[in-house]
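Trainee: model this:
(2 chains)
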Amino acid sequence: KNEVEQSPQNLTAQEGEFITINCSYSVGISALHWLQQHPGGGIVSLFMLSSGKKKHGRLIATINIQEKHSSLHITASHPRDSAVYICAVRWTADKLIFGTGTRLQVFP
Amino acid sequence: GAGVSQSPSNKVTEKGKDVELRCDPISGHTALYWYRQSLGQGLEFLIYFQGNSAPDKSGLPSDRFSAERTGGSVSTLTIQRTQQEDSAVYLCASSLSSQETQYFGPGTRLLVL
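Mentor: Down below sits the predicted model:
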């Protein structure tokens, strides 16, 4: 069993839909990251959070430390949101453990 | 520079040769990370530098892999006697400190024939 599990693995949506991607982890962590990897391969860090909720534009990330669970929400999705979304947890010695990613495609 | 840069962007080499990959972090960033992403696979942590020291080398897949960072800035990842399974995209990231957001470079795509 992977220490970091994401669901769903693949997600398709129509433009404008509300999207949720989930991440569950089994180890104690100091922080959790949400990353976005574009089709060209570039990776952008979206959020780093250790408690509560963060919002940036149409993106919202939440984490529940007790339940070892985080969600990434995208409101009013757009085709340019199409990417792979990766959850990563910061474990010991500042090592990141990555989920396998969620491939999102948003159609116009 | 404005962001993390890596060179070369692509590298094709023959099995058994040594390769050296370079990462230029964002100026002032003390933390530097190397990751690997094999085709169709997720990201894998390789090594982390805080300043010039590497407190955690546990992610390096074998003793053919080594990394160094001099002057608290540029880092090189060296793979000796490359194998076909080393083919992957090698990504570097840096952050102000280990507690801060990481900024990723564009990666070096390595192909071992």
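Trainee: switch to C-alpha atoms for all contacts and neighbour counts from now on
Mentor: OK.
Trainee: could you pull up the residues touching the spatially closest residue to residue B:61 that is not a sequence neighbour?
Mentor: Leaving aside its chain neighbours, residue B:61 sits nearest to residue B:46 (7.4 Å; criterion: CA to CA, 6 or more residues apart in numbering or on different chains). Taking CA atoms under 8 Å, 6 or more residues apart in numbering or on different chains, we find residue B:46 in contact with B:33-36, B:57-61.
Trainee: at 10 Å what do you get?
Mentor: A:95-96, B:33-36, B:56-61, B:65-67, B:77, B:90-92 (CA atoms under 10 Å, 6 or more residues apart in numbering or on different chains).
Trainee: show me just the buried residues among those residues.
Mentor: Buried members of those, scored by 16 or more other CA atoms under 10 Å in any protein chain shown, are A:95-96, B:33-36, B:56-57, B:59-60, B:65-67, B:77, B:90-92.
Trainee: which positions in chain A make contact with chain B?
Mentor: Where chain A comes near chain B, counting by CA under 10 Å from any CA of the partner chain, the residues are A:30-31, A:33, A:35, A:40-49, A:86, A:88, A:90, A:92-101.
Trainee: can you rerun that using 6 Å?
Mentor: A:42-43, A:100 (CA under 6 Å from any CA of the partner chain).
Trainee: just name the closest of the residues you listed to residue B:110, please.
Mentor: Within the residues of chain A next to chain B, proximity to residue B:110 (CA to CA) peaks at residue A:42, which comes in at 15.6 Å.
Trainee: that closest one - how many residues pack around it?
Mentor: 13 (other CA atoms under 10 Å in any protein chain shown).
Trainee: from what I can see it touches residue B:108, true?
Mentor: No. Using CA atoms under 6 Å, residue A:42 is not in contact with residue B:108; the gap is 11.1 Å.
Trainee: quick one: the closest residue to residue B:75 other than its chain neighbours and chain A, what's the gap?
Mentor: Using CA to CA, 6+ apart and skipping the chain neighbours, the partner closest in space to residue B:75 is residue B:69 (4.2 Å). Distance of residue B:69 to chain A, given as CA to the nearest CA, to the nearest Å: 17 Å.
Trainee: does residue B:69 touch residue B:53 like I think?
Mentor: No. Between residue B:69 and residue B:53 there is no contact, the gap being 7.5 Å when judged by CA under 6 Å.
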